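Asker: Below is the sequence, then the predicted model.
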Amino acid sequence: MTTTIIPKQAISQLKKVLDNFKLNEAIELCSNEAQTRKFLIEPFFFMLNYISTDLIPEYNADFGDRVSQKIDYAIVLNKKDTILIEAKKQTSKLSDKEAGQLNGYFNNTKNSKLAILTNGIEYRFYSDISEPNIIDTKPFFQFNLSNYSEKDIESLIRFDKRFIKINEIIKSAQEIVFAESFEDSILKELNIPSKDFLKIIHRNMSFKTKFNDETQGKMISLINSSLLKSLYDKKVLNEASSNSQGVITTELEIQAYHIIRTILIHNKKIPNERITYKDFKSFFNISVDDNSKKVICKLVFNEKSMKITIENNEYILQHTDDLLKYKNELINRTLLLLE
């Protein structure tokens, strides 16, 4: 199946529209569900190039002569593919309960393969990947108007009226669910290694020993966060050296990232899982939540020099240890972005 090519200009336009949307002003106008629909949800879909007549309100989500069930909105594409939208008021916290309610509509609606649960700010996209006609327990994609990354925008643009292809989205969702299931299984195996898993590793070790209880105990004790961090760094460098896109993540950049991350997470107000990085051809960004609008610092390392930019201040480094000099600036910048 050929994937639809989306012009970079369209992605840039969507980013501009999202960045210019006056979210706080819209939130102030929303004290109930009707206002949330008018000032948040409908404008969101307008940004994706749907028009008023595309959003069918109080859509009949039932079959035959039974008592009709109405869902807040539906979008019918090509007169058949249906996207169901369940709306909650802006102050609502989305939960499994609301997703269960959405499942009832989804189950009874012909040609429905996508469903969206939203409170006007957070948009959760569901499908029936694991079991036909039953919404998955987790959304395959989430978009938050108050906190999004460039990657989020690149995913969201595929729901734009001009580009949306249900089959492509479902295929992508299947890949996401597969990857998550794979990651969960790997994590489970690393947390509580099975005998079979240890056997495979032991069989591939160059240092040969008997596979007994003592050996298994040693292996289990070695499977910890320090080992995984070390393996992760090696994996990053291996991938970078064979990257055909021309982006090469260097050992110095990884070293600098870990120094900065260590500086930051020593502050109890900074959650370690929110510190991320992204490498580009000519620079290396460290940010909060992989958000291009929340860059903590930019590193420019090349053969001639090493530089770090924190907000608008640029500093020359002689060695990566020099990063410690900018501890306060890095922490203050991060705390500001976390607010």
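Answerer: Nice, thanks for sending it over.
Asker: quick one, helices of the stretch 101-250 of the chain?
Answerer: Along the stretch 101-250 of the chain, counting by DSSP state H, counting those that start in this stretch, helices occupy 150-156, 166-191, 195-204, 213-222, 225-241.
Asker: how about the ones you listed, which one is nearest residue 292?
Answerer: Counting by Cβ to Cβ, residue 292 lies closest to helix 150-156 out of the helices of the stretch 101-250 of the chain; the figure is 4.8 Å. To be clear about C-beta, it is placed using only N, CA and C from the backbone, and glycine gets the same treatment.
Asker: what does stretch 3-18 contact?
Answerer: Outside stretch 3-18, the residues that touch it by Cβ atoms under 8 Å, 6 or more residues apart in numbering are 47-48, 145, 148, 150, 153-154, 156-158, 160, 162-163, 165, 168.
Asker: quick one: residue 25 from residue 149, how far?
Answerer: Residue 25 is 23 Å from residue 149, where distance means Cβ to Cβ, to the nearest Å.
Asker: Point out the least confident one among the contacts of stretch 3-18.
Answerer: Of all those, residue 150 carries the smallest pLDDT score, 84.
Asker: which residue sits closest to that residue in space, ignoring its chain neighbours?
Answerer: Nearest residue to residue 150 in three dimensions, chain neighbours excluded: residue 292, at 4.8 Å (Cβ to Cβ, 6 or more residues apart in numbering).
Asker: Alpha carbons of stretch 80-93, in PDB - could you do that?
Answerer: C-alpha atoms of stretch 80-93 as PDB (Å, rounded to 0.1, in the frame of the first residue of the first chain):
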ATOM      1  CA  LYS A  80     -19.200   5.400   4.100                       C
ATOM      2  CA  ASP A  81     -16.100   5.600   6.500                       C
ATOM      3  CA  THR A  82     -17.300   7.100   9.800                       C
ATOM      4  CA  ILE A  83     -15.300   8.800  12.500                       C
ATOM      5  CA  LEU A  84     -17.200   9.000  15.800                       C
ATOM      6  CA  ILE A  85     -16.400  11.900  18.200                       C
ATOM      7  CA  GLU A  86     -17.500  11.900  21.800                       C
ATOM      8  CA  ALA A  87     -17.200  15.300  23.500                       C
ATOM      9  CA  LYS A  88     -16.800  16.200  27.100                       C
ATOM     10  CA  LYS A  89     -16.600  19.600  28.700                       C
ATOM     11  CA  GLN A  90     -13.200  21.200  28.900                       C
ATOM     12  CA  THR A  91     -12.800  20.600  32.700                       C
ATOM     13  CA  SER A  92     -13.500  16.800  32.300                       C
ATOM     14  CA  LYS A  93     -10.600  14.400  32.900                       C
END
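Asker: which of the residues in it are buried?
Answerer: Residues 81, 82, 83, 84, 85, 86, 87, 88, 89, 90, 92 are the ones in stretch 80-93 that count as buried (16 or more other Cβ atoms under 10 Å).
Asker: For the helix or strand where residue 74 lies, name the packing helices and strands.
Answerer: Using DSSP states H and E, residue 74 maps to strand 70-77. Applying 3 or more Cβ pairs under 8 Å, 6 or more residues apart in numbering; DSSP states H and E, we find strand 70-77 packed against strand 56-60, strand 81-87.
Asker: For the shortest one, which strands pair with it and how are they oriented?
Answerer: Strand pairing for strand 56-60, using DSSP bridges, gives strand 70-77 (antiparallel).
Asker: how big is the angle separating the partner strand from strand 81-87?
Answerer: Here strand 70-77 points in a direction 150 degrees away from that of strand 81-87 (axes from the mean of the first three to the mean of the last three Cα atoms, to 10 degrees).
Asker: Pull the residues that contact strand 70-77.
Answerer: Residues external to strand 70-77 that are found in contact with it (Cβ under 8 Å, 6+ apart): 37, 41, 45, 50, 54-61, 82-87, 102, 105, 109, 164, 166.
Asker: Rounded mean pLDDT for it, please.
Answerer: The pLDDT scores in strand 70-77 average 90.
Asker: buried stuff in that strand?
Answerer: 71, 72, 73, 74, 75.
Asker: Now the second one. Nearest residue, chain neighbours left out?
Answerer: Of all residues not flanking residue 72 in the chain, residue 87 sits nearest, at 4.1 Å (Cβ to Cβ, 6+ apart).
Asker: circling back to that earlier point, out of the helices of the stretch 101-250 of the chain, which is the most enclosed?
Answerer: Among the helices of the stretch 101-250 of the chain, helix 150-156 has the highest mean neighbour count (mean count of other Cβ atoms under 10 Å), at a mean of 17.
Asker: And that helix, what does it pack against?
Answerer: helix 8-20, strand 141-144.
Asker: mind putting the ones you listed in TSV, mean neighbour count, distance to residue 183 and mean pLDDT included?
Answerer: Below are the helices and strands packed on helix 150-156 laid out as TSV (neighbours: other Cβ atoms under 10 Å; distance: least, Cβ to Cβ, whole Å; pLDDT from 0 to 100):
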stretch	mean neighbour count	distance to residue 183	mean pLDDT
helix 8-20	13	27	94
strand 141-144	17	16	94
